[in-house]
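In: Fold the following for me, if possible:
(2 chains)
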Amino acid sequence: QKEVEQDPGPLSVPEGAIVSLNCTYSNSAFQYFMWYRQYSRKGPELLMYTYSSGNKEDGRFTAQVDKSSKYISLFIRDSQPSDSATYLCAIPRDNYGQNFVFGPGTRLSVLP
Amino acid sequence: NAGVTQTPKFQVLKTGQSMTLQCAQDMNHNSMYWYRQDPGMGLRLIYYSASEGTTDKGEVPNGYNVSRLNKREFSLRLESAAPSQTSVYFCASSEVTGGRNTIYFGEGSWLTVV
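Out: Numbers count the residues shown, from 1 in each chain, chains lettered A, B, ... in the order given. Got it, this is the predicted structure:
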């Protein structure tokens, strides 16, 4: 079983839709989780992080963790064409370690 | 606000040629990384350096070498390029803040081996 799995998409939604992006992970020891956004021909950039204890909201973005199901989600409200990108979940293998595991990314297109 | 800078951005190599990807960060981070990104595979760690003077293999190190020249710079060398090394390469650096290790990426280097 892969450490992190993510539906690669592509996912196309109309502008203004609510988007749900998801990852599943296999190691219950993971402590916190991150979402990166990657625009075409660019490097990934940190979007937000959340600890295993619950939700975190930042503007139109909400990150959610369901530790019992080993499932993490990123919700985007009122999606905009500028949200069109690939979204990667990322999990540090330990809090002070050098190793991160990344999902393959979900490609999102928000159509005007 | 340069962050992580890597060069070149695009490169075409012939099989068997060698080249070095350069990376520098200006955030005073101790840890630096080289990843490759392939469709459907996600980001895979090639090598990392926890601090100046140290380097360690990641999950896909074969065919690559690295040098941590100083705290700022971390280079990746392909000694004899193969078509399987056609990929997008990302350099990154990280810091631990508030108990959380956050990684920052460069813009990427697109490498094609023919």
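In: Look at the closest residue to residue B:23 other than its chain neighbours and give its secondary structure.
Out: Among residues not flanking residue B:23 along the chain, residue B:91 sits closest, at 3.4 Å (Cβ to Cβ, 6 or more residues apart in numbering or on different chains). For glycine as for every other residue, the C-beta is placed from the backbone atoms N, C-alpha and C. Applying DSSP: H, G, I helix; E, B strand; the rest coil to residue B:91 yields a three-state assignment of strand.
In: who does residue B:91 bridge with?
Out: residue B:34 (DSSP bridges).
In: Ok, residue B:22 next?
Out: Residue B:22 has these beta-bridge partners by DSSP bridges: residue B:7.
In: Now for it, how many residues are close by?
Out: Neighbour count of residue B:22, defined by other Cβ atoms under 10 Å in any protein chain shown: 15.
In: Then residue B:76?
Out: Neighbour tally, residue B:76, other Cβ under 10 Å: 24.
In: can you pull the pLDDT of it?
Out: Looking at residue B:76, its pLDDT reads 98.
In: give me the element it is part of.
Out: For residue B:76, the host element (DSSP states H and E) is strand B:74-78.
In: And the pLDDT for the residue nearest to residue A:82 when sequence neighbours are not counted?
Out: Excluding the flanking residues, the one nearest residue A:82 by Cβ to Cβ, 6+ apart is residue A:110, at 7.8 Å. Looking at residue A:110, its pLDDT is 97.
In: for residue B:6, same thing?
Out: Residue-level pLDDT assigned to residue B:6 equals 97.
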